[in-house]
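In: Have a look at this prediction, sequence included:
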Amino acid sequence: MISCNQLRGLMTALLLILSTPSFANIKKPTLGTKSPLLESYKKNLSKKEMVSLKQDTIRLGGKAIPILIKVMKGAKYPDKNRWMATFLVGKIMGKKSVPFISKFLEHPNWVLRMASLKTLLSLKQNKLDKVYAKALKDKSLIVRSQALQNIRKLNVVSLAPNVWSMLYDKRNYYSSKKGNKRAHIVKSIIRTMGDLKFKKSLKPMLSMIQKKRYKDIFLDLDYSLEKITGKKSPDSDQNTKMRFWNKLAISQKII
């Protein structure tokens, strides 16, 4: 447990860091170079050693924060250690770490951007619309996928239009001999529309599910249509399901 004095000192240090306007200007924490814990973070450790390091860090509590920040910012540390350091800042500091963790979504290393999103998800941060909206457009497909997962799991309904617009982002597709193909993230986009119950996507999805060129995402469309309409399609073949959705669309004058 962190004592009141430790917490006050820790928060003062973080406030100094967070007062800067950008990631590049984050002030480096003052820290001795002979810390055994810091030295451990410089090494490529086995899975068992990583577990031990995590436990040692958590036991140190708030006193570990300056070390973890140094690891997060230091390019000389292995990526998996920087990932764990990011998560542990969130675990030790809780929701108070959110402004600081969010800054690392601007970091040039995709691992840190990914780790930041994972940490924000673990902290159940569902009020970061601007942060997640920007991450949906990240240059890394992996980071975009994680941002989508955050929105879906945290039910950030306000970002449903932003998620839908991802279908028009060419980076979510790849080229093949047979033309452009949908990356796996497209399936997640479609399913997220259902989970967020984005009604504006109902009409286009009812149209898409009738077309052969969308057969690779048929089950995802079916899933989302059920979520949005509250209707259950028949437990049958695709043709039967298609007729079911077409009949529904006509009866409700959706298409």
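Out: Arrived safely. In this text the structure is predicted, and so the values were computed from the model without any measurement.

In: all helices for the stretch 51-200 of the chain, in order.
Out: With DSSP state H, counting those that start in this stretch as the criterion, the stretch 51-200 of the chain has helices at 65-73, 79-93, 98-103, 110-122, 129-135, 141-153, 160-165, 185-195.

In: so the longest one versus helix 110-122, what angle?
Out: Meaning helix 79-93. Per axes from the mean of the first three to the mean of the last three Cα atoms, to 10 degrees, the angle that helix 79-93 makes with helix 110-122 is 30 degrees.

In: okay, now the closest residue to Asn180 other than its chain neighbours: neighbour count?
Out: Nearest non-adjacent residue to Asn180, counting by Cβ to Cβ, 6 or more residues apart in numbering: Tyr173, 4.7 Å away. Where you see a C-beta, it was placed from the backbone N, CA and C, and this is true even at glycine. As a burial measure, Tyr173 scores 16 neighbours (other Cβ atoms under 10 Å).

In: so what's Tyr173 scoring on pLDDT?
Out: On the pLDDT scale, Tyr173 is placed at 93.

In: Flag the shaky bits of this structure, pLDDT-wise.
Out: Residues of the chain meeting the criterion pLDDT under 70: 1-34, 177-179, 255.

In: any chance of the helices of the stretch 51-200 of the chain in JSON lines, plus mean neighbour count?
Out: As requested, the helices of the stretch 51-200 of the chain are exported to JSON lines (neighbours: other Cβ atoms under 10 Å):
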{"stretch": "helix 65-73", "mean neighbour count": "23"}
{"stretch": "helix 79-93", "mean neighbour count": "21"}
{"stretch": "helix 98-103", "mean neighbour count": "20"}
{"stretch": "helix 110-122", "mean neighbour count": "22"}
{"stretch": "helix 129-135", "mean neighbour count": "18"}
{"stretch": "helix 141-153", "mean neighbour count": "21"}
{"stretch": "helix 160-165", "mean neighbour count": "18"}
{"stretch": "helix 185-195", "mean neighbour count": "22"}
